[in-house]
Every structure is written in structure tokens, then in C-alpha cells.
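**Q** Got a sequence here, can you build the structure:
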Amino acid sequence: MLFQVDNFGTVNLVEACRKAGVTRFVLISSILVNGAAMGQLLNPAYIVLNLFGLVLVAKLQAEKHIRSSGINYTILRPGGLTEQPPTGNIVMEPEKLMVKVEC
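**A** Predicted coordinates for the structure are as follows:
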């Protein structure tokens, strides 16, 4: 089920946006989506997330579709989301860098 939402659901949204003339798509993905390529296959978080319907694999497929769709896009890969009050700090890193930073 989650694979369908994170992959096919995103693909359907991107296609609907293209047809409707939407000029920008923002996807919230996951910091571990590229984990396999970065040697994180044994990372406990990577293992647990993929136990739930290959979520990270699905998100990576969705990202690939967005990149090839021709629509302008922004992909965010947060390391963790909480319900804590905002601190006002944002840390941005290049795609190939996987770090943990406390804000």
C-alpha cells in the first residue's frame, strides 16, 4: 500500500499537475531515500522504513519520475520531522551528503 502511495500516487500527482499547467511541484521525501547508493543498507532506520512496503524504494522511484517529467520541482529530504515548536533554523546540504544535525 505505501509503495503505491509514495510511488504511483506521486506519479499521478505529477501528471495531473502537468496537465493542469502547474509550474512547480514540491515533494517531501526522506534523507534515507538514497541510502542504498550511499552504503546505508545496514542502517537500522533504512531497514525499518523499507519494512513498511519498501517506502524508500518507492520514494526514490517517485523522485526519478519527477526529475524526468519536465516540470519544475523541489525535492526535500528531511532527516526527521517532529511536532516540536520551530527553532527558526534550517540546514541545507547537497544531495550526496547524509549527516545528522541538531537544530
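**Q** what residues are up against the residue nearest in space to the middle of the chain?
**A** The chain has Ser29 as the residue nearest its centroid, 1.5 Å off, counting by Cα atoms, centre = their mean. Ser29 makes contacts with Lys59, Ala62, Glu63, Ile75, Leu76, Arg77, as judged by Cβ atoms under 8 Å, 6 or more residues apart in numbering. For glycine as for every other residue, the C-beta is placed from the backbone atoms N, C-alpha and C.
**Q** among these, who's most crowded?
**A** When neighbours are counted by other Cβ atoms under 10 Å, Lys59 leads those with 26 neighbours.
**Q** Wait, that residue touches Asp6, no?
**A** Yes. Applying Cβ atoms under 8 Å as the test, Lys59 and Asp6 come out as touching, 5.0 Å apart.
**Q** circling back to that earlier point, and the residue nearest to the centre of the chain, what's its pLDDT?
**A** pLDDT, Ser29: 89.
**Q** Could you list the low-confidence segments of this protein?
**A** Applying pLDDT under 70 to the chain picks out residues 1-3, 80-81, 90-103.
**Q** End to end on stretch 70-85, go ahead and measure it.
**A** By Cα to Cα, to the nearest Å, the extent of stretch 70-85 from end to end equals 36 Å.
**Q** Same check on stretch 41-58?
**A** Note: stretch 41-58 ends 15 Å apart using Cα to Cα.
**Q** what comes up buried for that stretch?
**A** Using 16 or more other Cβ atoms under 10 Å as the test for burial, stretch 41-58 gives Tyr46, Leu49, Asn50, Gly53, Leu54, Val55, Leu56, Val57, Ala58.
**Q** to the chain's geometric centre, what's the distance from it?
**A** Its chain's average C-alpha position is 13 Å from that of stretch 41-58, according to Cα atoms, centre = their mean, to the nearest Å.
**Q** Verify the stated contact: Val26 with Ile66.
**A** No. Between Val26 and Ile66 there is no contact under Cβ under 8 Å: 9.8 Å.
**Q** how about the strands in the chain?
**A** Assignment of strands within the chain using DSSP state E yields the ranges 24-28, 72-76.
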